[in-house]
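Trainee: Below: sequence and its predicted model.
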Amino acid sequence: MKTDLSLRDPFADLARIDPFRDIDDLFGGRRLRSLFRNLPETPQIRMDVKEDADAYRVKAEIPGARKEDIHVEIDGSSVSISAEMRRETEERKGEDTLCAERYFGKAARSFTLRQDVDEAKAEARYENGVLDLVLPKRAGSASTHVAVK
């Protein structure tokens, strides 16, 4: 007696499905990829946070921002940094822009520390695209705004 039994994987065909193939074909493949590659990058705040016995020290990279456009908010152990980068609008007659990769817009970053911050003693300095924060530790919490020097 001969049996023709075989195992069939019902999900095998799904592995071969490419849901974006039709969209990619619609836009000509390369054109779709180049469209997304040319979108402006979202501004980001990259930072390092260090802790010693007395304070937290934060170095945040915010290139392209003016110190007047940087805001630091402290609420207990929560810290929020936001900044607005503006595009220069200088245009000259007879000049065409061939490439524009610099970004502009609003960037924000929030984080929570292990211990509350003494808002009255907090310091913020901005120089050469880097925001330096010194956030002394303390118990208790109250919301405050830190002026950037």
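Mentor: Structure's in. What do you need? Numbers count the residues shown, from 1 in each chain.
Trainee: How about the longest strand along the chain, which residues are buried there?
Mentor: The longest strand of the chain (DSSP state E) is strand 65-75. Buried residues in strand 65-75, defined by neighbour count with 16 or more other Cβ atoms under 10 Å: 65, 69, 70, 71, 72, 74, 75. Quick note: C-beta positions are derived from backbone N, CA and C, even for glycine.
Trainee: what does it contact?
Mentor: With contacts defined as Cβ atoms under 8 Å, 6 or more residues apart in numbering, strand 65-75 is touched by 62, 79-86, 107, 117, 119, 122, 124, 126, 129, 131, 133, 135, 141-146, 148-149.
Trainee: Following element in sequence after it, please.
Mentor: The element immediately downstream of strand 65-75 (helix or strand, assigned by DSSP states H and E) is strand 78-85.
Trainee: Let me know the angle separating that following strand from strand 65-75.
Mentor: Orientation of strand 78-85 against strand 65-75 (axes from the mean of the first three to the mean of the last three Cα atoms, to 10 degrees) gives an angle of 160 degrees.
Trainee: Which residues belonging to strand 78-85 are considered buried?
Mentor: Buried, per 16+ other Cβ under 10 Å, within strand 78-85: 79, 81, 82, 83, 84, 85.
Trainee: Extract the C-alpha trace of stretch 105-115 and format it as CSV.
Mentor: Coordinates of each C-alpha in stretch 105-115 appear next as CSV, following Å, rounded to 0.1, in the frame of the first residue of the first chain:
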residue,chain,number,x,y,z
GLY,A,105,12.6,72.3,13.7
LYS,A,106,12.0,71.5,17.3
ALA,A,107,13.8,68.9,19.3
ALA,A,108,13.0,67.7,22.8
ARG,A,109,14.4,65.2,25.2
SER,A,110,13.1,64.2,28.7
PHE,A,111,14.6,61.9,31.3
THR,A,112,14.2,61.0,35.0
LEU,A,113,17.1,60.9,37.5
ARG,A,114,17.4,58.7,40.5
GLN,A,115,17.1,61.6,43.0
